[in-house]
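S.K.: quick one: sequence and predicted model below, then my questions.
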Amino acid sequence: MSQRKIMPSVRTFNILVDTFCKEGMLKEAKIIFDKMIQKGIKPNVVSYNTLIDGYCLQNKLKDAIEALNMMVKRDCSPDVVSYNTLVNGFCKEKRIDETMNLFHEMSNKGVTPDVVTYNTLIGGFCRVERRKAALELFHKMQACGQPPDPRTYVVLLNGLCKNGQVVEAIKVFLEMEDKMLCNNIVIYNILIDGLCNVENLKVARELFYSLPAKGLQPDVRTYTIMLKGLCKERLIDEASELLEKMDGNVCTPNDCTYNTIIQGLLQWNETSKAIKYLKIMVDKGFSANATVATMLFDLLSSNQVDKNIQELLHKFV
């Protein structure tokens, strides 16, 4: 009695395609995909999305678009995941105009952009410093009935602060406060960093010291940002006091913290204090980063420090 041959299911093929894609073996993934069709098994939306994602991960955007077009030709309608994968791929490459073409194509094909679509696009616009477009899209998503989520605000806030648009960033932050979305220290870190970068230390300091009242504790990044801001304004004593407070507040300084204050001190020729923190840093098992190491080497080469400090510097450079 002959045994009946069991035909692999579309799910089986999808697992194989996904496995090869995740390993970066796109040629093999496409062979499996084509074999599925040859065996008379119709690929579903997951099949195509898996292949599109694989191409996007390897930056083969032309192949990803071809997979989307093939999907349409074979009467398998792309869904929001299909487009989101492509939008993310093009945004990473800063090909924003092509990304917007995909965004408009979604609407034309009856696929409604979701919060992931908007977040990715807003982040893409911020990455290429098209802040006005990012804000317009932010307002458009709300007008279209798609409420922003915390990620939307973080992406926009980060983009605005990195581009020095702190006034706009504060407006976004206040909107977040109204919606009770400011319950994450990361959000405050972004804004405090942006304020320090535009030399608005007064507001940055107020925000920093208001954190406990908001039920939030500064983390190591918060302290490091403030130390950088204080050093930038040559408030050396305040920076040193803040560093001392970190341990008392159960927040241990890391290598970035020490490198930040050492760099700030060296910039203002506060060599003795810089060496003090350098010794502490090294004793804790941390190393000077490239910037600090270069500054120390330049200091050693300048012959502008006394013999004792020179001897110490020789141990670290």
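M.R.: Here it is on my side, so go on.
S.K.: quick one: the helices in the stretch 101-250 of the chain?
M.R.: For the stretch 101-250 of the chain, the helices defined by DSSP state H, counting those that start in this stretch occupy 115-127, 131-143, 150-162, 166-178, 185-197, 201-209, 220-232, 236-248.
S.K.: nearest to residue 57, of these?
M.R.: Smallest distance to residue 57 across these (Cβ to Cβ): 14.9 Å, for helix 115-127. In this view, the C-beta of every residue, glycine as well, is placed from N, C-alpha and C.
S.K.: follow-up on the earlier one: would you reformat the helices of the stretch 101-250 of the chain as CSV and include distance to residue 267, mean neighbour count and mean pLDDT?
M.R.: What follows is the helices of the stretch 101-250 of the chain, written out as CSV (distance: least, Cβ to Cβ, whole Å; neighbours: other Cβ atoms under 10 Å; pLDDT from 0 to 100):
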stretch, distance to residue 267, mean neighbour count, mean pLDDT
helix 115-127, 29, 23, 95
helix 131-143, 30, 16, 93
helix 150-162, 22, 22, 91
helix 166-178, 23, 17, 90
helix 185-197, 15, 21, 94
helix 201-209, 16, 17, 95
helix 220-232, 7, 22, 96
helix 236-248, 10, 15, 91
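S.K.: look up phi and psi at residue 183.
M.R.: phi -110, psi 30 (degrees, to the nearest 10).
S.K.: report the separation between residue 22 and residue 61.
M.R.: 18 Å (Cβ to Cβ, to the nearest Å).
S.K.: same drill for the two, tell me which one is more crowded.
M.R.: Neighbour count, other Cβ atoms under 10 Å: between residue 22 and residue 61, residue 61 has more, with 18 against 13.
S.K.: so who does the closest residue to that one other than its chain neighbours touch?
M.R.: Leaving out its chain neighbours, the residue that sits closest to residue 61 by Cβ to Cβ, 6 or more residues apart in numbering is residue 89, at 5.5 Å. For residue 89, the contacting residues are 55, 56, 59, 61, 64, by Cβ atoms under 8 Å, 6 or more residues apart in numbering.
S.K.: which of the residues you listed fall within helices?
M.R.: When DSSP state H is applied, the contacts of residue 89 are split such that 55, 56, 61, 64 fall in helices.
S.K.: and which of these is nearest residue 146?
M.R.: residue 56 (22.8 Å).
S.K.: now residue 53: which helix or strand?
M.R.: Using DSSP states H and E, residue 53 sits within helix 45-57.
S.K.: residue 272 now?
M.R.: helix 271-283.
S.K.: send the alpha carbons of that helix over as CSV?
M.R.: C-alpha atoms of helix 271-283 as CSV (Å, rounded to 0.1, in the frame of the first residue of the first chain):
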residue,chain,number,x,y,z
THR,A,271,44.7,70.2,35.5
SER,A,272,45.0,69.2,39.2
LYS,A,273,41.3,68.4,39.6
ALA,A,274,41.3,66.6,36.3
ILE,A,275,44.2,64.4,37.5
LYS,A,276,42.4,63.7,40.7
TYR,A,277,39.4,62.3,38.9
LEU,A,278,41.6,60.5,36.4
LYS,A,279,43.2,58.6,39.3
ILE,A,280,39.8,57.7,40.7
MET,A,281,38.6,56.6,37.3
VAL,A,282,41.6,54.4,36.7
ASP,A,283,41.4,52.9,40.2
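S.K.: pretty sure residue 194 sits against residue 156.
M.R.: No - using Cβ atoms under 8 Å, residue 194 makes no contact with residue 156, being 12.0 Å away.
S.K.: chain center to the helix holding residue 53: distance?
M.R.: Chain-centre distance of helix 45-57: 23 Å, with Cα atoms, centre = their mean, to the nearest Å.
S.K.: now stretch 253-269
M.R.: For stretch 253-269, the separation from the chain centroid amounts to 24 Å (computed by Cα atoms, centre = their mean).
S.K.: cool, and stretch 165-184?
M.R.: 18 Å.
S.K.: please save the CA atoms from that stretch in CSV.
M.R.: The C-alpha coordinates for stretch 165-184 follow below in CSV (Å, rounded to 0.1, in the frame of the first residue of the first chain):
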residue,chain,number,x,y,z
GLN,A,165,15.1,73.4,18.2
VAL,A,166,14.7,73.5,21.9
VAL,A,167,11.7,76.0,21.9
GLU,A,168,9.7,73.6,19.7
ALA,A,169,11.0,70.7,21.9
ILE,A,170,9.6,72.3,25.0
LYS,A,171,6.2,72.8,23.3
VAL,A,172,6.2,69.0,22.6
PHE,A,173,7.3,68.3,26.1
LEU,A,174,4.5,70.4,27.6
GLU,A,175,2.0,68.5,25.4
MET,A,176,3.4,65.3,26.8
GLU,A,177,2.9,66.6,30.4
ASP,A,178,-0.7,67.5,29.6
LYS,A,179,-1.2,63.9,28.4
MET,A,180,0.7,62.5,31.5
LEU,A,181,3.3,60.9,29.3
CYS,A,182,6.4,62.3,31.0
ASN,A,183,6.9,59.4,33.3
ASN,A,184,10.2,58.2,31.9
